[in-house]
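Chemist: got a structure for you, letters missing:
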């Protein structure tokens, strides 16, 4: 039988917790979602589950009953019993001897629910961002556990005192943030890159597209050049755990007055309404 | 405190085995190596450790004493005590609450040693391969745990009855196999793609480059178009666990007579000598 070592300790492989042989760790072979609740109500569960189901299909993890996933999320939310909770869950292909093309593994479900951090200050003051080359794989439309480029980008941003890293593709266009969708406002025109296989179909992005019209903005789904983003009137990111966060500095250049812009503030309000009423 | 669910079971997050909160699983945030022994001798340990150290550096996992890793590998090999063993090991950034840019995690070491499978039949008869688009990230020179595209490629190959999938980039050039280096022989010229950030610096590839001259081959490190590979006189892959494996069918086209070629057989013999004497 195979022998394992965890740090300095030997352990027979059959006595390992299956987490040690999880294909999520060996290969990042799994998909995940993150969602949150507002004031005791889960937000966007149906949308997150639909995307999760698609991700599972795209990487050919079969036999998952999405209704079972829904029930687990609801049970965890009920048991945790906090009004503002963040829920992370993933399914990996399973656990077993390391083999790229293993058959008949049993997919593994894992969920973690915690209290939402307080992002009020970020939302009020805005964050700084830097751009980094988009080195990710070509199927960023799949919400997979292969997130090393995102981690490296985020770490780089953090070292520079920034709250997010924004990916720029080989042609100089912004794709999205390392864990967020990216938006720019020029005059009363809201711009964001159109969905494609190089961009995650962000749920929060979709909710922004559901509410922007209430603020007087017009929408142009088109790619934004990194070099023009700094001349936008307003910038913001959208992410499930924090919804809308203003961006006030882009590669060390202040956006307008260096304060969150008027449309962004309106969008934050509209989003709060949506979160209350949906 | 956060609450976790593993399958259907609730568990307080502080009672989870840290493997459940490993950044290897959350993000594929780690690097690994695979090496083997031949007849009781570890092969290429220094080379694998050097590559491992470089990978750690590239993803900024700090504080690892590579000599400790060496000692662990040697201890495991001694304890396992089989002449032909395969050793997998990885280090991840650590375990903790899921946060892309977490600081001060303790890196986690994991190793698995098992008996080498018998690849004699593959080596004698050769394998079939198919090509797939290279959808991987742009830093394939780092041996990271972000291997989902490799898994998907391997699964596709397996469904088509093939032993390996060969990645082809957007310009139609072969980069490498999903878990191997790729070589073609035209006449007495051995070709393989030059190392670059889109290719893993394969240890076995390097060993092939150390021995090819003994077989009368000449070397041209240049990229191979997928469309010309099928017209090669011989093809083979190189991978640590199996050293050299002939490729006799490429996208369903037989290579030469559909049998392993003479140079490939010579290389296999030379490799066996190297493994004995190194």
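Modeler: Yes, it's here. This structure is a prediction, so every number in the text was calculated from the model and none was measured.
Chemist: In chain A, where is pLDDT below threshold?
Modeler: Applying pLDDT under 70 to chain A picks out no residues at all.
Chemist: Would you map the helices across it?
Modeler: In chain A, the segments counted as helices under DSSP state H are A:23-27, A:45-58, A:66-80, A:120-125, A:148-159, A:203-211, A:226-229, A:262-277.
Chemist: for those, which one ends up most surrounded?
Modeler: When neighbours are counted by mean count of other CB atoms under 10 Å in any protein chain shown, the highest per-stretch mean among the helices of chain A falls to helix A:23-27, a mean of 29. All C-beta spots, glycine's among them, are computed from the backbone N, C-alpha and C.
Chemist: Mind listing residues that contact it?
Modeler: Contact partners of helix A:23-27, identified using CB atoms under 8 Å, 6 or more residues apart in numbering or on different chains, comprise A:19, A:29-30, A:90, A:92-96, A:98, A:100, A:102, A:105, A:108, A:145, B:19, B:22, B:24-25, B:28, B:30, B:90, B:92, B:110, B:145, B:147-148, B:150-151.
Chemist: Just the ones in strands from those residues, please.
Modeler: The members of those that map onto strands under DSSP state E are A:30, A:90, A:92, A:108, B:30, B:90, B:92, B:110.
Chemist: so residue A:1 sits right up against residue A:12, yeah?
Modeler: Yes: because the distance of 6.0 Å satisfies CB atoms under 8 Å, residue A:1 is recorded as touching residue A:12.
Chemist: what about residue A:103, neighbour count?
Modeler: Counted with other CB atoms under 10 Å in any protein chain shown, the neighbours of residue A:103 add up to 8.
Chemist: Please report the distance of it from residue B:110.
Modeler: Using CB to CB, to the nearest Å, one obtains 24 Å as the distance from residue A:103 to residue B:110.
Chemist: What residues does the stretch 101-250 of chain A have near chain B?
Modeler: Remark: the part of the stretch 101-250 of chain A in contact with chain B comprises A:101, A:108-115, A:133, A:135-139, A:144-152, A:154-155, A:157-158, A:178-179, using CB under 8 Å from any CB of the partner chain.
Chemist: mind listing what the residue most central in space within chain A touches?
Modeler: Ranked by distance to the mean C-alpha position of chain A (CA atoms, centre = their mean), the top residue is residue A:179 at 4.4 Å. Residues counted as contacts of residue A:179 (CB under 8 Å, 6+ apart) are A:150, A:154, A:164, A:239, B:100.
Chemist: let's see 10 Å
Modeler: Shown in contact with residue A:179 (CB atoms under 10 Å, 6 or more residues apart in numbering or on different chains): A:34, A:147, A:150-151, A:153-154, A:164-165, A:200, A:202, A:237, A:239-242, B:100-101.
Chemist: hang on, isn't residue A:69 packed against residue A:33?
Modeler: Yes: in this structure, residue A:69 sits in contact with residue A:33. The criterion is CB atoms under 10 Å, and the distance is 9.0 Å.
Chemist: Now list whatever residues contact both of the two.
Modeler: Common contacts of residue A:69 and residue A:33 (CB under 10 Å, 6+ apart): A:48-49, A:52, A:89, A:91, A:111.
Chemist: Turn these into JSON lines, columns for distance to residue A:74.
Modeler: Conversion of these to JSON lines gives the following (distance: CB to CB, whole Å):
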{"residue": "A:48", "distance to residue A:74": "12"}
{"residue": "A:49", "distance to residue A:74": "11"}
{"residue": "A:52", "distance to residue A:74": "14"}
{"residue": "A:89", "distance to residue A:74": "12"}
{"residue": "A:91", "distance to residue A:74": "17"}
{"residue": "A:111", "distance to residue A:74": "11"}
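Chemist: Which of those sits closest to residue A:75?
Modeler: Distance to residue A:75 across the shared contacts of residue A:69 and residue A:33 (CB to CB) is lowest for residue A:111, with 9.4 Å.
Chemist: Skip the chain neighbours and tell me the closest residue to residue A:212.
Modeler: By the measure of CB to CB, 6 or more residues apart in numbering or on different chains, the closest residue to residue A:212 outside its immediate chain neighbours is residue A:190, 5.3 Å from it.
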